[in-house]
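K.L.:
Quick one: sequence plus predicted model below, questions after.
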Amino acid sequence: MAVDKQRLVGVHHVGIPVRDLEQAVAWYRDVLGIEADMLGVAEGEELSRTVQLPDAKLRSAFVEMGNTIVELLEYERPIGQDFSLRNCDVGAAHVCVEVEDIHAAYERMRAQDVSFSSPPVRLSGALEGNWCCYFRGHDGLQFELWQRSG
């Protein structure tokens, strides 16, 4: 039997452009309790071709969130625009962070001046018993807290 070497094996990481890498790394550490695992700098023709931006230069940090890696990217060249998409806009992704106790996480994060759209909501229908709430993270990126039913 032939093995399909093009088979998808999973998501390695999700990249998130940020305005200031040090501030973003501090936010992930202080608010979510996650340390950056790797820092790096990239520039040159190969990077520019890969990211489809002329004369690109960026710094990056990898942050492990359970079984997912978030890559924080600060573009030094070119400077990007601030995030301004609404949740319904095409391409406006969000990062969902699963916690064991959503109410405790919500209260702890509110005490750190994190802006939530609402307190935790108990879901019904197909997601009956699960809890969630949305909040804005560093640079305005949309996040979601999630607690599984049980």
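P.N.:
Arrived safely, thanks for sending.
K.L.:
any low-confidence regions in the chain?
P.N.:
Within the chain, the stretches with pLDDT under 70 are 1-3.
K.L.:
Could you identify the longest helix within it?
P.N.:
Criterion DSSP state H: the longest helix present in the chain is helix 21-32.
K.L.:
can I have that one written out in PDB, keeping just the CAs?
P.N.:
C-alpha atoms of helix 21-32 as PDB (Å, rounded to 0.1, in the frame of the first residue of the first chain):
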ATOM      1  CA  LEU A  21       7.400  42.300  20.000                       C
ATOM      2  CA  GLU A  22       8.600  43.000  23.500                       C
ATOM      3  CA  GLN A  23       5.200  44.400  24.600                       C
ATOM      4  CA  ALA A  24       3.500  41.400  23.000                       C
ATOM      5  CA  VAL A  25       5.800  38.900  24.700                       C
ATOM      6  CA  ALA A  26       5.200  40.700  28.000                       C
ATOM      7  CA  TRP A  27       1.400  40.600  27.500                       C
ATOM      8  CA  TYR A  28       1.400  36.800  26.800                       C
ATOM      9  CA  ARG A  29       3.500  36.300  29.900                       C
ATOM     10  CA  ASP A  30       1.700  38.600  32.300                       C
ATOM     11  CA  VAL A  31      -1.900  38.000  31.100                       C
ATOM     12  CA  LEU A  32      -1.900  34.400  29.800                       C
END
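K.L.:
Could you give me the buried positions within that helix?
P.N.:
21, 24, 25, 27, 28, 31, 32 (16 or more other Cβ atoms under 10 Å). Placement of C-beta: from N, CA and C, glycine included.
K.L.:
next one: stretch 44-52
P.N.:
Buried residues in stretch 44-52, defined by neighbour count with 16+ other Cβ under 10 Å: residue 48.
K.L.:
what about stretch 115-125, start to end distance?
P.N.:
End-to-end distance for stretch 115-125: 27 Å, by Cα to Cα, to the nearest Å.
K.L.:
which outside residues touch that stretch?
P.N.:
Identification of contacts with stretch 115-125 by Cβ atoms under 8 Å, 6 or more residues apart in numbering yields 102-103, 106, 109-110, 129-136, 145, 147.
K.L.:
ok, of the residues you listed, which come out buried?
P.N.:
By 16+ other Cβ under 10 Å, these give 102, 106, 109, 130, 131, 132, 133, 134, 135, 145, 147 as buried.
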